[in-house]
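1. The following block contains a protein sequence and its predicted model.
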Amino acid sequence: GIAPVIPDMVGEALLVRLLPGDEGQEAVLRCYAALGHRVAETVIRCVQDFAGVSAGPLGWLSTMVESVQGDVRALEMLADSLPLDSLALNATTLRVMEAVLSLRTQGPDSGPAADPLACGIAYLNLSVDQAQLACPGPALASAEQAVLQLHPLAQLHPDRYTQHLVVALNNLGSRQSALGQLDDALLSAQEAVALAQRLAGNSAEQASPTLALALINLAHIQGLHALDGPAIASAQQAIALYTRLAALQAEIFSPELATALSNTSSLYIQADQPEAALQMAAQAVEIQRRLAAQHPDTYLPSLAGASIQLSIAHGFLAQASACQQTAQEAAAIYAKLAAQHPDRFTPYWARSLGVLAQSHLAQQKPALACACAHQSVHLLTPHFVQQPDRHHASLSTLLRIYLRACKANGTPPDAELVAPLLPFIAEAPN
């Protein structure tokens, strides 16, 4: 007999070819009705892999979303499976999360008996997605609603609901900081840590991950306030918690420990302590490399991100060769990931090439720097055109690197590449 079509790139390509137009949508919808959520997961992968080639998979997904508009459980399963960093899927993800929120707050169960926990979580998820879509105002409003829903629950039943409130306050602080409301953000983060510490007093084993996450968020916001000492102290407390947790449950908490180490490396750089930054970044890469060797599909993106931070730390210590080597490793990983999922990983690839270009400049290799920076701007431009608010800062940085590399190389910038962007990014030539 014929082997089944396995849901990989080849199988997905076959589906796209065999199921065109309205008939394809109807066929996929019948499969979804019969087989359930696993069909949705395959369609989501198809959208990510073929968004630039065929509109069919996105049409399938839209039809599926429409078919379950009144089914909150099906919508929540879709929301859990939709990635937050996919340009092709962002609008659909937002639509699904808004539908979940509508059912939780305005549907048949939205009267006095409505579940405030479910409403709070729905507002929280919507806030995260709105932030990913570069909608900071709506994201903040949703974050505030999440806290309003969860605060009374945590007061009535602290052991049961404080953890949810801490997560909502962490998100609220992030949304406030994104809008420059740093004082409010610091208050939200401090409240989250205080609640998590109180919960840890009742059940340290349950609350440790919650407290660690709150401390990392507090450290980030303290860093934005230029409170370098307190920020590093908060981050070190989080690292100590994650180290203890990872010793008990390595598979669950080693990734969190690596992320905390990488974030703390950034804080040490800000505090002009590059040696400590390098130590933190190297530990993070070591953990991520081990995880990626065991589960590459899951942890290769994290390894690339940690390698970027390690490259930056090498750069601050003027270790040009090591800086270039780690940047090249990160760019190679992102290139591989972008080949598999261009919609999701191309912006990361572009930014990693910018770091690599800077390492070439540090080694007096302007021609290589120019080539890397040119490619980085070229890769990110289509994403900037579609989501300018989201990619404005990154493209500004990459343009500045490219123009600096051109000057060092003694060659004029590619006018066709740069000229259309300058009106939108006025600071790039500086």
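-> Structure's in. What do you need?

2. The helix or strand hosting Arg351 - contacts with which helices or strands?
-> If you go by DSSP states H and E, Arg351 is part of helix 342-362. Secondary-structure packing of helix 342-362 (3 or more C-beta pairs under 8 Å, 6 or more residues apart in numbering; DSSP states H and E): helix 296-316, helix 320-340, helix 366-386, helix 388-409. All C-beta atoms are positioned from the backbone trio N, CA, C, and that covers glycine.

3. can you put these in TSV and add distance to Thr346?
-> Converted to TSV, the helices and strands packed on helix 342-362 look like this (distance: least, C-beta to C-beta, whole Å):
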stretch	distance to Thr346
helix 296-316	13
helix 320-340	5
helix 366-386	5
helix 388-409	11
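
4. of all these, which lies closest to Gly24?
-> In terms of C-beta to C-beta, the element of the helices and strands packed on helix 342-362 nearest to Gly24 is helix 320-340, at 23.4 Å.

5. If we go by neighbour counts, what in that closest one is buried?
-> Neighbour counts using 16 or more other C-beta atoms under 10 Å place 320, 322-331, 333-335, 337-338 of helix 320-340 among the buried residues.

6. residues making contact with it?
-> Applying C-beta atoms under 8 Å, 6 or more residues apart in numbering, the contact partners of helix 320-340 are 9, 49, 285, 300-301, 303-305, 307-308, 310-312, 314-315, 344-346, 348-349, 352-353, 355-356, 358-360, 362-363, 372.

7. do stretch 344-354 as well
-> The contact list for stretch 344-354 (C-beta under 8 Å, 6+ apart) reads 48, 83, 85-87, 301, 304-305, 308, 327, 330-331, 334-335, 337-338, 372-373, 375-377, 379-380, 383, 391, 394, 397-398, 401.

8. switch the cut-off to 7 Å
-> For stretch 344-354, the external contacting residues (C-beta atoms under 7 Å, 6 or more residues apart in numbering) are 48, 83, 85-86, 304, 308, 327, 330-331, 334-335, 337-338, 372-373, 375-376, 379-380, 383, 391, 394, 397-398, 401.

9. go on, stretch 358-369?
-> 311, 315, 320, 323-324, 327, 357, 372, 401, 404-405, 408-409.

10. what two of these have the greatest distance between them?
-> Ser311 and Asn409 (21.2 Å).

11. send the alpha carbons of the helix holding Arg351 over as PDB?
-> Coordinates of each C-alpha in helix 342-362 appear next as PDB, following Å, rounded to 0.1, in the frame of the first residue of the first chain:
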ATOM      1  CA  PRO A 342      10.700  31.900   7.000                       C
ATOM      2  CA  ASP A 343       7.700  33.800   8.300                       C
ATOM      3  CA  ARG A 344       8.700  33.200  11.900                       C
ATOM      4  CA  PHE A 345      12.500  33.200  12.000                       C
ATOM      5  CA  THR A 346      13.700  35.600   9.200                       C
ATOM      6  CA  PRO A 347      13.600  38.700  11.500                       C
ATOM      7  CA  TYR A 348      15.800  36.800  14.000                       C
ATOM      8  CA  TRP A 349      18.200  35.800  11.200                       C
ATOM      9  CA  ALA A 350      18.400  39.500  10.000                       C
ATOM     10  CA  ARG A 351      19.200  40.700  13.500                       C
ATOM     11  CA  SER A 352      21.900  38.000  14.000                       C
ATOM     12  CA  LEU A 353      23.500  39.100  10.800                       C
ATOM     13  CA  GLY A 354      23.700  42.600  12.200                       C
ATOM     14  CA  VAL A 355      25.600  41.300  15.200                       C
ATOM     15  CA  LEU A 356      27.900  39.400  12.800                       C
ATOM     16  CA  ALA A 357      28.500  42.500  10.800                       C
ATOM     17  CA  GLN A 358      29.500  44.400  13.900                       C
ATOM     18  CA  SER A 359      32.000  41.700  14.700                       C
ATOM     19  CA  HIS A 360      33.500  41.900  11.200                       C
ATOM     20  CA  LEU A 361      33.900  45.700  11.700                       C
ATOM     21  CA  ALA A 362      35.700  45.100  15.000                       C
END
